[in-house]
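Colleague: What shape does this take:
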Amino acid sequence: MLEISVTSDVGRLRDVIVGPSKAFTMEDLITEAEADGHDGDEELLTEMLARYSIEAPDPTIAAKQHAQLIAVLEEHDVTVRWADPVDCAVQMYTRDMGFAIDDVFFLARPATPTRRREQSALLSLHSRMSKVRALDAGFIEGGDVLVTPSEVLVGIGDSTDEEGVEALRRAMAAAGLSREVVPMRFTHRAVVHLDVHFTLASPEVGLVSPAAFDAESLDHLRNRFELITVTPQEVRALAVNTVALGPDRLIIQAGHERLEAELSRHGITPVPVEFAEVTRFPGGLHCATLPLVRE
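Modeller: Residues are numbered from 1 along each chain as shown. You can find the predicted model right below:
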């Protein structure tokens, strides 16, 4: 039995699910979407292309960088569990397929057939988990869900809707979880997920792109955390998309010396990992890790 325990996104990481690094082309993704009957949103795609570098990574380099991330996790005594291989082009971003809150694992509710097929890679694992809950309505992906020491932040954007947030509230109540769920609303489309614009670096410190959030959401973050502001260039490079090894140690994409210096100034040890090839497609370190246990 896998006992679930995540009380904060910056608790000491002990157990995590990762997915395989696969070779793919942009043509593969288009073909897959068409086969699934999902034509996509042309306006959203146009804005995504304007905001991020979207191209297929070199598979050899990407696999090597992903292996380096796994090595860092294992060096820090993290148990690494692998999602099962399934028939989909991209499978590395396990974070979106589910999320743990306290002692419950919640299955995400993706909107597209492709991502639902991707989620099936967790079947053999969640069948062994101590507590699992499914949501009954709406859409929600794990990259939009962030567990803070006191509440749950949920981004409402391209992948998660209001109905999904309400379904999460119901599921949490049914599971006996009393945390407040706080919606985070954005100023534009093509955010990808909340974790591209805000992540926790420690229990008190967050990395944030202020321009992504409406005034109420940004005020909420400012009232609860000491914020390190990231630049548009750092957002484009997925530098916000970090993953905590613990409350004072953060895996960060290598090459962002300014952010490393800011983290050090706040008493947080940056652990740089080469991941720039992986992030040619808009997914980073946080996306590639699905925590089951944080102490």
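Colleague: my read: residue 193 touches residue 108, true?
Modeller: No - look at residue 193 against residue 108 with C-beta atoms under 8 Å: they stay out of range, at 10.9 Å. C-beta coordinates here come from the backbone N, C-alpha and C atoms, glycine included.
Colleague: pLDDT weak spots in the protein?
Modeller: Along the chain, the model assigns pLDDT under 70 to residues 39-40.
Colleague: returning to that earlier point: if I look at residue 193 and residue 108, which residues touch both of them?
Modeller: Residues touching both residue 193 and residue 108 (C-beta atoms under 8 Å, 6 or more residues apart in numbering) are 96, 141.
Colleague: Relative to the whole chain's centre, how far out is stretch 245-252?
Modeller: Centroid separation for stretch 245-252 versus its chain: 15 Å, with C-alpha atoms, centre = their mean, to the nearest Å.
Colleague: Over to stretch 218-230?
Modeller: Distance, stretch centre to chain centre, for stretch 218-230: 19 Å (C-alpha atoms, centre = their mean).
Colleague: Please put the alpha-carbon coordinates of the longest helix along the chain into CSV.
Modeller: The longest helix of the chain (DSSP state H) is helix 59-75. The C-alpha coordinates for helix 59-75 follow below in CSV (Å, rounded to 0.1, in the frame of the first residue of the first chain):
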residue,chain,number,x,y,z
PRO,A,59,15.2,13.2,-28.0
THR,A,60,18.8,12.2,-27.1
ILE,A,61,19.5,15.4,-25.2
ALA,A,62,16.1,15.5,-23.6
ALA,A,63,16.4,11.9,-22.4
LYS,A,64,19.9,12.7,-20.9
GLN,A,65,18.6,15.8,-19.1
HIS,A,66,15.6,13.9,-17.8
ALA,A,67,17.9,11.2,-16.5
GLN,A,68,19.9,13.9,-14.7
LEU,A,69,16.8,15.0,-12.9
ILE,A,70,16.1,11.4,-11.8
ALA,A,71,19.6,11.1,-10.6
VAL,A,72,19.3,14.3,-8.5
LEU,A,73,16.1,13.0,-7.0
GLU,A,74,17.6,9.7,-6.1
GLU,A,75,20.7,11.4,-4.7
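Colleague: Following element in sequence after that helix, please.
Modeller: Heading C-terminal from helix 59-75, the first helix or strand you meet, by DSSP states H and E, is strand 79-82.
Colleague: what's that following strand packed up against?
Modeller: Packing partners of strand 79-82 (3 or more C-beta pairs under 8 Å, 6 or more residues apart in numbering; DSSP states H and E): strand 13-18, helix 59-75.
Colleague: List of residues touching the helix or strand just after the shortest one?
Modeller: The reference is to strand 13-18. Where DSSP H and E defines the elements, the next helix or strand beyond strand 13-18 is helix 26-35. When contacts are defined by C-beta under 8 Å, 6+ apart, helix 26-35 is touched by residues 39-40, 54-56, 88-90, 112, 114.
Colleague: redo that, cut-off 7 Å
Modeller: For helix 26-35, contacts defined as C-beta atoms under 7 Å, 6 or more residues apart in numbering pick out 40, 55-56, 88-89, 114.
Colleague: Run through the bridge partners of residue 180.
Modeller: Judged by DSSP bridges, the bridge partners of residue 180 are residue 151.
Colleague: if I look at it, how far off is residue 121?
Modeller: Here the distance between residue 180 and residue 121 works out to 31 Å (C-beta to C-beta, to the nearest Å).
Colleague: for residue 47, same thing?
Modeller: In this view, residue 47 and residue 121 are 29 Å apart by C-beta to C-beta.
Colleague: Regarding stretch 205-220, how distant is the last residue from the first?
Modeller: Stretch 205-220 stretches 13 Å from its first residue to its last (C-alpha to C-alpha, to the nearest Å).
Colleague: Give me the buried positions along that stretch.
Modeller: Neighbour-count burial for stretch 205-220, counted by 16 or more other C-beta atoms under 10 Å, picks out 205-209, 212-213, 217-218, 220.
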